[in-house]
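Colleague: sharing a sequence plus its predicted fold:
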Amino acid sequence: MPNETQTCLVTIVQPGLPDSVIRVSPADHKEEKVWLDTRPGMERWMAIQALMQRFCPRGKYVPVPAYYHPTTGKQEDLQTLLIHGPEDIPLVELDGATLSAPPAKEHAFRQDKTEVQTAKEQVSVLTEQVGRLTTAVASLLEVAAKRSVGRPRNEV
C-alpha cells in the first residue's frame, strides 16, 4: 500500500466536548483517534496541526475540525447531528507531504510461562555444571597438593 494514497479521518477527542473530525489527504492510514487528555495525544495533535499549516497549498486556509454535535453540553443536543455525511467533514489536502501513522505503542508484557520454565531449567543445568566444575577443581588441587608434598623442594 505504499503507492496508494488515502484520506485519513482524524478524530479529536476532548474531555467535556463532543468529538470533532477532520480529513487529511494524502495519508498512509485510513483513520486515527487523538485523545487530548493525554500528553502523547496533545503532542500528536500539535504535530498534525503543524503539518497542516506547513504543507497547506498557497491561497488556501486550514479548516477547523467539525464537531459531531453542538458544543453546548446539553443532553438534548446529543440527538442533533452537525455532520450528515463525509462531505460535511473539512478536508485538508497536503502539498508535498504525507500524514504518517503514529508510532506503535510499546507495551510491557509478561513472559509466557513456558519461557519462564525453560529459563529456570537452563539456570538449574548451569548450576549443576558449575557445581561439578567446582568439585573437579577441588579434586585437582588436592592431587596437586599431595604430589607437591611428596617431592623435595629443589625438584620441579
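Modeller: Nice, I can see it.
Colleague: how far off centre is stretch 98-117?
Modeller: Centroid displacement of stretch 98-117 relative to its chain, using Cα atoms, centre = their mean, to the nearest Å, is 7 Å.
Colleague: I'd like the average pLDDT over it.
Modeller: For stretch 98-117, mean pLDDT is 79.
Colleague: quick one: end-to-end length of it, please.
Modeller: Length of stretch 98-117, first residue to last, Cα to Cα, to the nearest Å: 46 Å.
Colleague: now swap in stretch 81-98 and tell me
Modeller: Across stretch 81-98, first to last residue, Cα to Cα, it's 30 Å.
Colleague: could you list the buried residues of that stretch?
Modeller: Ile83, Ile89, Val92, Leu94, Thr98 (16 or more other Cβ atoms under 10 Å). For the C-beta atoms, the positions are set from N, CA and C on the backbone; glycine is no exception.
Colleague: stretch 10-24 too?
Modeller: Within stretch 10-24, the residues that qualify as buried are Val10, Ile12, Val13, Gln14, Pro18, Ser20, Val21, Ile22, Arg23, Val24, counting by 16+ other Cβ under 10 Å.
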